[in-house]
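>>> sequence first, then the predicted structure:
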Amino acid sequence: MNPRKKVDLKLIIVGALGVGKTSLLHQYVHKTFFEEYQTTLGASILSKIIILDDTTLKLQIWDTGGQERFRSMVSTFYKGSDGCILAFDVTDPESFEALDIWRDDVLAKIVPMEQSYPMVVLGNKIDLEDRKVPQEVAHEWCKEKDMPYFEVSAKNDINVVQAFEVLASRALLRYQGIAENHLADSIKLSPGQPRSKCC
Ligand SMILES: Nc1nc2c(ncn2[C@@H]2O[C@H](COP(=O)(O)OP(=O)(O)OP(=O)(O)O)[C@@H](O)[C@H]2O)c(=O)[nH]1
């Protein structure tokens, strides 16, 4: 049997203040949820190992604080990431309206800026009754931008694993595509290659 391939991926989670980024991450990695709110100062990292098909993936997931004053510092952490979660709170329309800015901010730091950079959108806190962002509106926005949309609850553990793992599998596909391109380039550039005989 072939040993599994091992790949390290860096994922980030961004979005407005208090939408539940830390809670989503803790639910995904530790299966825990805390009611009390402690804002993230700057960024923190959690890791999780998962298996996807024939690959062992080590996910290093960067949780970024939504505070405006950390914005430029936090955006330096986007570099080198393989995929991103854009999070908003379905009870807070401003957090939904801010998604455009968060998305542009992340894409501006991805080098080269490219279409294939995977992003998924999470509408969090669907356990609450006072929802203000209709599901169809969020769906439509994500469809326009060609990003998968998940309605989630970090509190009740609804759709959290699915959302992270769809992002992880898309990030893996992109990583494999980049690795293949590098390999093809290095074969083309390699001077000592035996040339195929002709005629
Ligand atoms: N009802 C409900 N509350 C949630 C959910 N997710 C998070 N919360 C609460 O929302 C508050 C903010 O959650 P955090 O996870 O700290 O939010 P954050 O986006 O990381 O916040 P910043 O780091 O300040 O940007 C906390 O009181 C959480 O308990 C959820 O799915 N449902």
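Received it, and whenever you're ready, just let me know what you need. These numbers come from a predicted model, not from an experiment.
>>> what's the helix or strand bottoming out on mean pLDDT in the chain packed up against?
In the chain, no helix or strand scores lower on mean pLDDT, DSSP states H and E than helix 71-75, which sits at a mean of 80. On a contact count with 3 or more Cβ pairs under 8 Å, 6 or more residues apart in numbering; DSSP states H and E, helix 71-75 meets helix 99-109. Backbone N, C-alpha and C define where each C-beta goes, glycine included.
>>> point out where the chain drops to low pLDDT.
1-2, 111-115, 182-183, 188-199 (pLDDT under 70).
>>> list, one by one, the residues from it near the ligand.
Proximity of the chain to the ligand, by Cβ under 6 Å from any ligand atom, involves residues 17-23, 34-35, 37, 39-40, 65-66, 124-125, 127-128, 153-155.
>>> any idea how far residue 128 is from the residue nearest the centre of the chain?
By Cα atoms, centre = their mean, the chain has its centre lying nearest to residue 84, at 2.3 Å. Distance of residue 84 to residue 128, given as Cβ to Cβ, to the nearest Å: 24 Å.
>>> surely the residue nearest to the centre of the chain is within a strand?
Yes. With DSSP: H, G, I helix; E, B strand; the rest coil as the criterion, residue 84 is located in a strand.
>>> hmm, it is touching residue 9, no?
No. Shown here, residue 84 and residue 9 do not form a contact pair, counting by Cβ atoms under 8 Å, at 11.5 Å.
>>> and the strands in this protein?
Secondary structure of the chain, counting by DSSP state E: strands at 5-15, 43-52, 55-64, 83-89, 119-124, 149-151.
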